[in-house]
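Engineer: below is the sequence, then the predicted model.
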Amino acid sequence: MAYNDGRFLPTSKKEMDALGWEQADVILFTGDAYIDHPSFGTAVIGRYLEKAGYKVAIVPQPNWRDDLRDFKKLGKPKLFFGVSAGAMDSMVNHYTAGKRLRSNDAYTADGKSGQRPDYAVSIYSTILKKLYPEIPVVIGGIEASLRRFTHYDYWQDKLLPSVLVSSEADILVYGMGERPMLMISDMLSAGESLDSVKHVPQVAYLSKNKPVENDVDTIYLHSHEQQCEVKIKFVENFNIIENQSNILKPLKLVEKVGNLYNIVNPPFPLPTTEETDSFFDLPFTRQPHPRYKGKHIPAFEMIKNSVNIHRGCFGACSFCTISAHQGKFVYSRSEKSVLQEIEQIGSQDDFNGVLTDVGGPTANMYKMAGRDLTKCEKCKRESCIYPNLCRNLDNSHAPMLNLYDKILKIKGIKKFFIGSGIRYDLFLNENGYTDSDGNKYLKEVIEKHTSGWFKVAPEHTEERVLKAMGKPSFKLFEKLKFEFDKITTSNRLNHVIVPYFISSHPGCNSEDMKRLALNPVLKNIRTEQVQDFTPTPMTRSSVAFYSGIDPKTLKSIFVEKDLKKKQQQKSFFYKKN
């Protein structure tokens, strides 16, 4: 982890002048406050391009409702504008599952709401294209990534075309964007045309020209209009898109929309460990920009002393966006990179000695991969863990245990917690532990790295609903609880197990929720942790919610769409006593 002298990327003309810049190469617009920390995508892209020699400026949370001065204040970049809604889809950020406007925003100073527009990517991008039509606009981040194809929008309750249409952007970067953003910068800096940039891996763009239909490297999807007319075509498209995202060598995907073609190039190959380290070993200050004058930013307070040790997740939960954005395959940082970052945290004056999380999209997938990658190249499974553990998966927890041991030896580190979600089906089955390292892992996490609440996510109790969710049997949670009780009792710990559940997921009805609430295994267990299902773009669950069709079986599935009845499902948690 590179050390920083306290300098942030510039956010104003005054800050650019102080650096002696007449013009930035790239200007990044984001719907979040600017926090110079590796957990925030805009900061990562900015620092990564800076490391490559580019002058990068950031405009956080520009005002889109006035005379648009925030969009003009830094002038034109030499290369392009980059646009992101922030760390969350702006609609998920703004609205509850009941479609009520949230009263706060964790990614804004003092948690103030209303500092970004609905559909932020499209609003920011169209403003920039109107003001500077000759400057390329590149959109990315979670909102753009998950809306790159025709997608179901819960808030409008209809299918929307690729966000490239509404945003008028030139290029869409999907997934984790360091390498495509750098290649785009390099090509434009070298004087190559925007058309050339459209051949970069991991980008999408609109074209007036129909690609060659006999191209063996291309899959042609149903058009946007066909999907709007016939729901099963939307389901079929999703299954192709998901299948391609779950293989090591996916193909180009083409989807017609109106008179245009939405062309989505396949992604970059998985990064090496050295490349992964390079995404994190950047000179972050790990602080909010001084422009916020020390104001409380909830999301920052939550993650400021956390460390991400890998990317990707092969869990394939139906409702989760992680694999659709970060990918199914896990790629991990080296021990050296992780430990250097923790050393930097430990040296900070305001650090209290406690790391709040050492994890990632999933807590316990560090350095897990296929033993024989040639088998992985042929595999089309959506998950390496569900409905059963892949025999080719190296699911050893030894690398994590070794890393944990080294972390505790770092000066200034008193303790660390595991705040990320633990996939207990990686070390447990209904007969017990799958290996001795799994036993050691659970014991160490409970004994040393749990703050008092051991949080896990069985999500439901009913087998039919769990199957629709892509989650393991509730019997496995019962086994976990048995092992948890045994460990806490033998060590005289007062820890409690806190299970998380989802209500009104496709396939779940009121009777299912009633049975969940009355399940005897949950007696005397804190079960207030419940989330009403929110359909988010590009998940299997959202496809089922819209279509009433289970994408796995292509059979009809019950969906509760009435907002009052959705709330009633959630209320069972509070009525059980």
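Structural biologist: Thanks, I have the structure now.

Engineer: which elements pack onto the helix or strand bottoming out on mean pLDDT in the chain?
Structural biologist: None of the helices or strands of the chain scores lower by mean pLDDT, DSSP states H and E than helix 563-575, at a mean of 86. Helix 563-575 is packed against strand 496-503, helix 510-517, strand 530-532, with contacts defined by 3 or more C-beta pairs under 8 Å, 6 or more residues apart in numbering; DSSP states H and E. No exception for glycine: its C-beta is placed from N, CA and C like everyone else's.

Engineer: contacts only, for the nearest residue to Gly346 once chain neighbours are set aside.
Structural biologist: Distance criterion C-beta to C-beta, 6 or more residues apart in numbering; nearest residue to Gly346, sequence neighbours excluded, is Gly412 at 3.1 Å. Contact analysis of Gly412 by C-beta atoms under 8 Å, 6 or more residues apart in numbering lists Ile345, Gly346, Ser347, Phe351, Gly353.

Engineer: check which helix or strand Gly412 maps to.
Structural biologist: Using DSSP states H and E, Gly412 maps to neither a helix nor a strand.

Engineer: got a pLDDT number for it?
Structural biologist: We have a pLDDT of 94 for Gly412.

Engineer: Asn352 versus that one, what's the distance?
Structural biologist: 10 Å (C-beta to C-beta, to the nearest Å).

Engineer: next one: Glu463
Structural biologist: Shown here: Glu463 relative to Asn352, a distance of 44 Å by C-beta to C-beta.

Engineer: tell me which of those two has more neighbours.
Structural biologist: Glu463 (13 against 10; other C-beta atoms under 10 Å).

Engineer: dump the residue contacts of the more buried one.
Structural biologist: Here Glu463 is in contact with Ser473, Phe474 (criterion: C-beta under 8 Å, 6+ apart).

Engineer: about what we covered before: only whichever of the contacts of Gly412 are buried, select them in PyMOL.
Structural biologist: The following PyMOL line selects those of the contacts of Gly412 that are buried, judged by 16 or more other C-beta atoms under 10 Å:
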select buried, resi 345+346+351
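
Engineer: narrow the contacts of Gly412 to those in helices?
Structural biologist: With DSSP state H as the criterion, helices contain Ile345, Gly346 from among the contacts of Gly412.

Engineer: farthest pair in the contacts of Gly412?
Structural biologist: Ser347 and Gly353 (11.7 Å; C-beta to C-beta).

Engineer: count the residues that sit near Ser396.
Structural biologist: Neighbour tally, Ser396, other C-beta under 10 Å: 17.

Engineer: same check, this time on Asp217
Structural biologist: 10.

Engineer: for Met88, see how far away it is.
Structural biologist: 34 Å.

Engineer: now Ser337
Structural biologist: Noted for Ser337: a distance of 26 Å to Met88, by C-beta to C-beta.

Engineer: and what of Lys249?
Structural biologist: Taking C-beta to C-beta, one finds Lys249 at 31 Å from Met88.

Engineer: now do Asn237
Structural biologist: Counting by C-beta to C-beta - Asn237 and Met88 are separated by 25 Å.

Engineer: got it, and Leu131?
Structural biologist: 26 Å.

Engineer: what of Met183?
Structural biologist: Shown here: Met183 relative to Met88, a distance of 26 Å by C-beta to C-beta.

Engineer: just Phe29 next, same as before
Structural biologist: 16 Å.

Engineer: quickly list what Tyr331 is bridged to.
Structural biologist: Per DSSP bridges, the residues bridged to Tyr331 are Arg311.

Engineer: okay, now the unreliable bits of the stretch 1-150 of the chain?
Structural biologist: Counting by pLDDT under 70, the stretch 1-150 of the chain contains low-confidence ranges at 1-5.

Engineer: strands of that one, residue ranges please.
Structural biologist: 26-30, 35-36, 56-60, 80-84, 137-140 (DSSP state E, counting those that start in this stretch).

Engineer: of all those, which one is nearest Ser166?
Structural biologist: That would be, of the strands of the stretch 1-150 of the chain and by C-beta to C-beta, strand 137-140, which comes in at 10.4 Å.

Engineer: so what strands line up beside the closest one?
Structural biologist: Strand 137-140 has these strand partners (DSSP bridges): strand 80-84 (parallel), strand 171-173 (parallel).
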